[in-house]
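**Q** let me see the structure of the following:
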Amino acid sequence: MGVSTDTDDLRRAFATHADTMARRAPVWASVSRKIAHSPDGRTIIDALMAAPAEQRRPVLALAALHDLALQHVDSPLGRLLRRLGTSDATAEGVWTATVDLVDEHGADLERLVTTRHTQTNEVGRCAVLLPALAGIAETVGALSLIEFGSSAGLLLNLDRYRVRYRLGDSESVVEPAEATPEPVELECTVRSATSLPAHMPLVASRLGVDPVPVDIDDPVATRWLQACVWPDQIDRLNTLRRALDVARSHPVPSLRADGVERIPAEISALEAHPTVISSWALTYVTSERRRLMLERLDQAGQRRDLTLVLLENPSLVPELPIPGRPGDRDVTVLAVIQWRSGKRREHRLGTAHPHGYWWDPNG
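**A** Predicted structure coming up:
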């Protein structure tokens, strides 16, 4: 979903967003739809218009509302969100409680959307990234992972999770690189036949780069990560909390920096094969910055082999060389961009759910 430039554009964006989230988060989708069509939604839209242009999207406002509810757990909205899935938490009741909370804390809402940015750090995406990373490791050996927009660095612990793929009546399980009593487990439906990873790639080093990295020991920062998850989706919230526990046991080095500037500079110092990851992160920078990122990776690729793994919507990042297909407008594509002996090649590895619920290698 692109950047909205005026209030009418934002209303349409909220309505579209409601449709996309309705199946997996019906109550929170109803809030998005009310923001689009109810007079009471104008306050939320006006607050979002104060956000930086590249962040002016429904997901940011919905995260801010969720964060307010997590701050004010005893408010009507806070109580209702804890009871989602029960008869108490009807869509209409949640909307009424949302309006009341905004009426009381409108200044806090505007502060959140103007100072925070979307940081889903969706752990489920690891299940989709794994086939790409395992395939790269089969040919180059150990990987030095470096993530653009790493947030809390949870995706960089990919090899420490268990991933369960389901294809029809069969399943394939990839165990963590190191045995763990009760590992975080991710499930992904595979929509067409393909060769699945047999084991985790060997990770020699990992580094996150983010202009506003999340301190996993900061309760306010980790509350914001939870706020970026739709409250209907208890499974995602539980996975996030468990992945944060893993990160506390296995902290990932993080740089507070602009990834466009810093990542190409870091590549030369990496000992193993440089593998850059972006999953719904490059969409949040300007088109000029995306062009500059690619230009600098092209330059780095003249000096040494490297790989860029993208999990992005091609229509939102048209500057990146993601192999396209008709009907790609509203899809998330898994793509691998390789620089080998100074030559760049692009490979499409299918389409996926943006949160990693499914992967279609033939999509």
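
**Q** okay, and for the chain, where does confidence drop off?
**A** When residues are selected by pLDDT under 70, those of the chain lie in 1-5.

**Q** nearest residue to the residue in it sticking out farthest from the centre other than its sequence neighbours?
**A** In terms of distance from the mean C-alpha position of the chain, residue 341 ranks first, at 31.4 Å (Cα atoms, centre = their mean). Leaving aside its chain neighbours, residue 341 sits nearest to residue 305 (7.2 Å; criterion: Cβ to Cβ, 6 or more residues apart in numbering). Where C-beta positions appear, they are placed from N, C-alpha and C, glycine not excepted.

**Q** quick revisit: how far away is the residue farthest from the centre of the chain from residue 330?
**A** From residue 341 across to residue 330, the span is 36 Å (Cβ to Cβ, to the nearest Å).

**Q** distance of residue 231 from residue 193?
**A** Following Cβ to Cβ, the distance that separates residue 231 from residue 193 is 36 Å.

**Q** just residue 205 next, same as before
**A** The separation that residue 205 has from residue 193, given Cβ to Cβ, amounts to 34 Å.

**Q** then residue 338?
**A** Residue 338 is 24 Å from residue 193, by Cβ to Cβ.

**Q** look at the two and report which has more neighbours.
**A** Neighbours were counted for residue 338 and for residue 193 using other Cβ atoms under 10 Å; residue 338 has more, 18 against 11.

**Q** that one belongs to a strand?
**A** Yes - counting by DSSP: H, G, I helix; E, B strand; the rest coil, one finds residue 338 located in a strand.

**Q** ok, it - contacts?
**A** Residue 338 is in contact with 305, 306, 307, 308, 344, 345, 346, 347, counting by Cβ atoms under 8 Å, 6 or more residues apart in numbering.

**Q** any idea how far it lies from residue 39?
**A** Residue 338 is 52 Å from residue 39, by Cβ to Cβ.

**Q** and the contacts of the longest helix along the chain?
**A** For the chain, the helix with the greatest residue count under DSSP state H is helix 91-115. Outside helix 91-115, the residues that touch it by Cβ under 8 Å, 6+ apart are 26-28, 30-31, 34, 38, 40, 43-44, 47-48, 50-52, 55, 60-61, 63-65, 67-69, 71-72, 75-77, 80-81.

**Q** could you redo the last one with a cut-off of 7 Å?
**A** Contact with helix 91-115 is made by 27, 30-31, 34, 40, 43-44, 47-48, 50-51, 60-61, 64-65, 67-69, 72, 75-77, 80, as judged by Cβ atoms under 7 Å, 6 or more residues apart in numbering.

**Q** now do stretch 161-171
**A** Contacts to stretch 161-171, defined as Cβ under 7 Å, 6+ apart, come from residues 126-127, 130, 172-176, 183-190, 193, 196.

**Q** restricting to C-alpha, output it in CSV.
**A** Output of stretch 161-171 as CSV, limited to C-alpha atoms (Å, rounded to 0.1, in the frame of the first residue of the first chain):
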residue,chain,number,x,y,z
TYR,A,161,13.7,-21.4,15.2
ARG,A,162,11.9,-24.6,14.1
VAL,A,163,10.1,-24.2,10.8
ARG,A,164,7.3,-26.6,9.8
TYR,A,165,6.2,-26.6,6.1
ARG,A,166,2.9,-28.1,5.1
LEU,A,167,2.2,-29.3,1.5
GLY,A,168,-1.2,-31.0,1.2
ASP,A,169,-1.2,-33.9,3.6
SER,A,170,2.6,-34.0,4.0
GLU,A,171,4.9,-31.9,6.1
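
**Q** now list the buried members of the contacts of stretch 161-171.
**A** If you count burial by 16 or more other Cβ atoms under 10 Å, the buried members of these come out as 126-127, 130, 174, 176, 183-184, 186-190, 196.
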